[in-house]
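*Asks:* Make a model of this:
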Amino acid sequence: MMRAVIRTLAGLGLALLIACQSPSDDRAAPPSAAPALQLIAGGDTLTMNNQSAAVVANGLVFTAGIIGMDPRTMGFAATDIDGQAHQAFVNLRNALQDAGSDMQHIVKLTVHLSRPEHFQPMNRLYLEFMDGHEPARTIVGFQPWSEDFLIQLEAVARVPAD
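*Replies:* Next comes the predicted model:
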């Protein structure tokens, strides 16, 4: 039931994002205009439940909830926060790269942790992966779907101009 609600809400959010990118009248965009919305799914990026790992809109990448699952096995990369956080940051990096961005272009990162004691191990990996870059960051707690689900990352990043 909860997964169905989350999928529905995610679908509504994507539909709202698409609607916000559509012209307000019936005029078509000029043929030379770049598409306002691009769905990203490919490479080593982990996608589940028919969602995109990221959406590019107006020069920004919005990632879906990126978790610590191994895209090859579709299982959690580890049972501890160190392993899951490491894999979540790898998955985030891959999603951003697939979208034409990278970790150094993140402007906002939201970290969802299932337990407060996971902050220090996650923060150590955050500092490693961010390599001195300091985007705005929010840490929130969440009630996991299962005890094995420890971390989820969401990011907004710029797509650098070529």
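
*Asks:* So which helix or strand of the chain has the lowest pLDDT on average?
*Replies:* Between all helices and strands in the chain, the lowest mean by mean pLDDT, DSSP states H and E belongs to helix 2-21, at a mean of 35.

*Asks:* what about the strands in the chain?
*Replies:* Counting by DSSP state E, the chain forms strands over residues 37-40, 54-57, 60-63, 66-67, 69-70, 75-76, 106-113, 136-141, 151-158, given from the N-terminal end onward.

*Asks:* now these as JSON lines including mean pLDDT?
*Replies:* Shown next, in JSON lines, are these (pLDDT from 0 to 100):
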{"stretch": "strand 37-40", "mean pLDDT": "45"}
{"stretch": "strand 54-57", "mean pLDDT": "92"}
{"stretch": "strand 60-63", "mean pLDDT": "96"}
{"stretch": "strand 66-67", "mean pLDDT": "93"}
{"stretch": "strand 69-70", "mean pLDDT": "91"}
{"stretch": "strand 75-76", "mean pLDDT": "90"}
{"stretch": "strand 106-113", "mean pLDDT": "98"}
{"stretch": "strand 136-141", "mean pLDDT": "96"}
{"stretch": "strand 151-158", "mean pLDDT": "97"}
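
*Asks:* out of those, nearest to residue 85?
*Replies:* Nearest to residue 85, of all the strands of the chain, is strand 151-158, at 5.2 Å by Cβ to Cβ. Glycine gets a C-beta too; all of them are placed from N, C-alpha and C.

*Asks:* quick one: strands adjacent to that closest one?
*Replies:* With DSSP bridges as the criterion, the sheet partners recorded for strand 151-158 are strand 60-63 (antiparallel), strand 66-67 (antiparallel), strand 106-113 (antiparallel).
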